[in-house]
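Enquirer: using only what follows, build the 3D model:
(one chain, ligands or ions: 1)
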Amino acid sequence: MIYKDIIIIGGGASGMMCAIKAKEKNPEKSVLILEKQNKTGRKLLSTGNGRCNLSNIDADNTGNYHGSFKKNLKSFFKSCGMMKTLEQFSNLGLTVYSDSEGRYYPFSNHAGSVLELLRFRLKELKVEIICGCKANSIDKNDNSFIISSDKEKYSCKKLVLSTGSPASPKLGSDKSGISLLDKLGHKIIPLSPALCPLEVVDKSFMPSIKGVRQKGIVSLYDGDELIKTESGDIQFTENALSGICVFNLSSYVQNLKNPSVSLNLNYDKDNYGQLLYVLKLNIDRFKTREIKNILDGFYVNKLGVAILKSAGINKLNRPVSSLSKDEIDNICDTIFNWTFKIKKPSDYSKAQVCSGGVSGDEINPKTMESKVIKDLYICGEAVDINGDCGGFNLNFAFSSGIIAGENL
Ligand SMILES: Cc1cc2nc3c(=O)[nH]c(=O)nc-3n(C[C@H](O)[C@H](O)[C@H](O)COP(=O)(O)OP(=O)(O)OC[C@H]3O[C@@H](n4cnc5c(N)ncnc54)[C@H](O)[C@@H]3O)c2cc1C
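Expert: Numbers count the residues shown, from 1 in each chain. Predicted structure coming up:
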């Protein structure tokens, strides 16, 4: 059995940051990271399309987060707000910039820079790291934890679980950390994929518009009830709606009974009258053209054709002049309110994060210590909190790692 003062299970974003802060505070104590993959920070390298969107100018706004830990965020951000997290990166030697949408990236635009600086600091501080070492079980006696792993048995006085979520299993993620926390007696809010595409139930139009991107407004409904609206670039795939605006709705879907999304693809947002006017004008000007081309001035042809078909327009090679008033109204209605019934997300492979995790009721936001088990700390995505696209998830991972590390 190998004894260390502090053991951190999970060498990802939150675990590495936590180890740095723990060792800076307690240089005399031994700190060990156990990481099941053959390198630390594998997921970090894939973030932000390889650029690592590590925070956001709006990161302290609780409205950008979801899950049972959300009610603790005000107190959490008092302990470590966005400025303190960025200061920590500055202390590591990293220069960051924010883009026009307030997203922070390393100046190098390279996730590898963030990872390297975390690794340099861990090395300088002589934090021990054992890779290829999966924690399989944890036992707690009166004043120490015993961790059984693929390699050895370890014991420690203080333990951190920063094992992330099963989102994106190709990057080595799984549910093993969550099941360790479950077995330790924590309440686990069920996991489901989030920040992911939304698969549509009726896929008949999808293959024809696969690859198309179109600006629009996306509204998520449960039956007739509007849940949330987002706008931006909508991407159509073989079987799903995708894009950041769709991703940001995905974490709400799991709890809905009858989920659907409505797309408003009008170029002038809510101006139905203007759309009808321009459409009628075009019908008048281009009487002899075929109906399949009537929306070519608004959309790429294949999207226009899919909208026309969805509006119930038949025989698209008829002349435009043959469109009836009802058909013209149906086209406008579809452009404004193109409805897709959607499935609940179940595919972790396309998800950036998960909703669910350890209940927010069981973690002290000022320290990230478990309220169920003394001397156990939980940080990062293992906590039931997930943020919108734009750097909110890494911001939480790093901030929670800082708070836990400072309190060890
Ligand atoms: C493709 C992709 C792009 C993303 N882009 C962004 C972005 O730009 N901005 C943003 O804010 N967020 C982004 N995210 C989300 C972000 O990466 C995560 O929220 C963040 O990494 C969570 O940090 P963590 O420390 O909790 O978990 P992780 O970084 O996943 O680290 C957990 C670590 O624990 C290890 N581990 C798990 N179980 C065990 C065990 N039993 N024993 C030992 N080790 C174990 C894992 O191998 C892993 O290394 C992205 C996610 C993906 C998948």
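
Enquirer: I'd assumed Q235 was in contact with R213.
Expert: Yes. In this structure, R213 is within contact of Q235 by CB atoms under 8 Å, at 5.1 Å. C-betas here are computed from N, CA, C, even on glycine.

Enquirer: run through the bridge partners of P259.
Expert: Beta-bridge pairing for P259 (DSSP bridges): D222.

Enquirer: report the residue ranges of every domain in this structure.
Expert: The record's domain parsing of the chain by automatic domain parsing lists 2-193+355-406, 197-344.

Enquirer: quick one: which of R213 and Q235 has more around it?
Expert: When neighbours are counted by other CB atoms under 10 Å, R213 and Q235 differ, and Q235 comes out ahead with 19 against 13.

Enquirer: circling back to that earlier point, so for the ligand, which of the domains of the chain sits nearest?
Expert: Nearest to the ligand, of all the domains of the chain, is domain 2-193+355-406, at 1.7 Å by CB to the nearest ligand atom.

Enquirer: any low-confidence regions in the stretch 201-350 of the chain?
Expert: Scanning the stretch 201-350 of the chain for pLDDT under 70 picks out the ranges 269.

Enquirer: tell me where it has strands.
Expert: Assigned by DSSP state E, counting those that start in this stretch, the stretch 201-350 of the chain shows strands spanning 213-222, 225-236, 240-242, 259-264, 338-341.

Enquirer: possible to save those as JSON lines with distance to L54?
Expert: Output for the strands of the stretch 201-350 of the chain, formatted as JSON lines (distance: least, CB to CB, whole Å):
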{"stretch": "strand 213-222", "distance to L54": "26"}
{"stretch": "strand 225-236", "distance to L54": "21"}
{"stretch": "strand 240-242", "distance to L54": "23"}
{"stretch": "strand 259-264", "distance to L54": "30"}
{"stretch": "strand 338-341", "distance to L54": "33"}
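
Enquirer: now those strands as a markdown table including distance to the ligand?
Expert: Output for the strands of the stretch 201-350 of the chain, formatted as a markdown table (distance: least, CB to the nearest ligand atom, whole Å):
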| stretch | distance to the ligand |
| --- | --- |
| strand 213-222 | 19 |
| strand 225-236 | 16 |
| strand 240-242 | 13 |
| strand 259-264 | 22 |
| strand 338-341 | 24 |
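
Enquirer: ok so, going back, give me the common contacts of R213 and Q235.
Expert: With contacts taken as CB atoms under 8 Å, 6 or more residues apart in numbering, R213 and Q235 have G243 as neighbours in common.

Enquirer: contacts only, for the closest residue to K287 other than its chain neighbours.
Expert: What sits nearest to K287 in space, not counting adjacent residues and going by CB to CB, 6 or more residues apart in numbering, is S321, at 4.1 Å. Counting by CB under 8 Å, 6+ apart, S321 makes contact with 283, 287-288.

Enquirer: now render those as CSV, adding neighbour count.
Expert: Formatted as CSV, the contacts of S321 follow (neighbours: other CB atoms under 10 Å):
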residue, neighbour count
I283, 19
K287, 11
T288, 7
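
Enquirer: which of the residues you listed lies closest to T163?
Expert: Lowest distance from T163 to the contacts of S321 (CB to CB) belongs to I283, with 59.5 Å.

Enquirer: report the contact partners of the closest one.
Expert: Applying CB under 8 Å, 6+ apart, we find I283 in contact with 294, 320-321, 323, 328.

Enquirer: 7 Å instead?
Expert: If a contact means CB atoms under 7 Å, 6 or more residues apart in numbering, then I283 has 294, 320-321, 323 as its contacts.

Enquirer: thinking again about what came up before, and the domains of the chain, which is most packed in?
Expert: Here the criterion is mean neighbour count by mean count of other CB atoms under 10 Å, and of these the winner is domain 2-193+355-406, at a mean of 20.
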